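> Have a look; sequence and predicted model below, questions after that.
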Amino acid sequence: MKCEPDAYTIDDLARDRRASWEGVRNYQARNFMRDDMQKGDGVLFYASNADPSGVTGVAVIERAGYPDHFAWTPRHKYFDPRSAPDAPVWYMVDVAFVERFPETIALATLKATRGLEAMMVTQKGSRLSVQPVTKPEFDTVVRLGRRRSGS
DNA sequence: GCCAACGTTGGC
DNA sequence: GCCAACGTTGGC
């Protein structure tokens, strides 16, 4: 799951311990949250538009997809008149903090790592803010994150 | 700040 | 339903 550091970081999540992931306004990303993400699923926290951009830590799905009520909150920045309580258009999940990597695993590192060639985020033009990750990919990235800590 | 890639909108 | 115009994302 991607987020720009200006908006939210893994450190923010470490402090808050839990956060709702509202504001996703892309249908494909919504479908992943609404249909596929289950409580207990691992999450790679990705800082986009960062220096460097990359995976900064791990979270876990704390609550599976549910309607993004900010979409029907007038004057909220995520308001969308197409969505309504009886016919929600947008969905969100809740995530909980798991761990923060000592160093960002930069996108360039992900691209250079064997086993991540097919990972969505390493593909050109990969803009989706919520992307599926396979178990082997997840494990490979977590291993990278921990290796850099010397642990 | 540039700009390629991509998604969405809307005229026809 | 096509597709040009436009807006956004996000790496660099």
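Yep, that arrived.

> Give me the residues contacting the host helix or strand of residue A:111.
Under DSSP states H and E, the secondary-structure element containing residue A:111 is helix A:107-112. Contacting residues not belonging to helix A:107-112 are listed as A:52-55, A:116, A:119, A:121-122, A:141, A:144 [C-beta atoms under 8 Å, 6 or more residues apart in numbering]. C-beta here means a position set from N, CA and C on the backbone, and glycine is covered the same way.

> Distance from the next helix or strand after it to the middle of the chain?
The helix or strand immediately downstream of helix A:107-112 is helix A:135-147, counting by DSSP H and E. The chain centre lies 15 Å from the centre of helix A:135-147; the measure is C-alpha atoms, centre = their mean, to the nearest Å.

> Ok, stretch A:63-79 next?
Going by C-alpha atoms, centre = their mean, where stretch A:63-79 is centred and where its chain is centred differ by 17 Å.

> Tell me the buried residues in that stretch?
In terms of neighbour count (16 or more other C-beta atoms under 10 Å), stretch A:63-79 has its buried residues at A:63-65, A:67-72, A:78.

> Residue A:31 belongs to a strand?
No - remark: residue A:31 does not belong to a strand; assigned using DSSP: H, G, I helix; E, B strand; the rest coil, it is helix.

> ok so, going back, now, of the contacts of helix A:107-112, which are buried?
Of all the contacts of helix A:107-112 considered here, the ones buried according to neighbour count by 16+ other C-beta under 10 Å are A:53-55, A:116, A:119, A:121-122, A:141, A:144.

> hmm, stretch A:97-112 touching DNA strand B?
No - under the criterion of C-beta under 7 Å from any atom of the strand, DNA strand B is not reached by stretch A:97-112; the shortest gap measures 14.2 Å.

> export that stretch as CSV, just CAs?
As requested, the backbone C-alpha atoms of stretch A:97-112 are provided in CSV (Å, rounded to 0.1, in the frame of the first residue of the first chain):
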residue,chain,number,x,y,z
PHE,A,97,1.6,-1.4,12.7
VAL,A,98,3.9,-4.4,12.6
GLU,A,99,7.5,-3.2,12.0
ARG,A,100,9.5,-0.4,10.7
PHE,A,101,12.6,-1.2,8.6
PRO,A,102,15.8,0.6,9.7
GLU,A,103,16.3,1.7,6.1
THR,A,104,13.9,2.2,3.2
ILE,A,105,14.1,-0.7,0.7
ALA,A,106,14.4,1.6,-2.3
LEU,A,107,12.5,0.9,-5.5
ALA,A,108,15.8,0.5,-7.3
THR,A,109,16.7,-2.3,-4.9
LEU,A,110,13.4,-4.0,-5.4
LYS,A,111,13.9,-3.9,-9.1
ALA,A,112,17.4,-5.4,-8.7
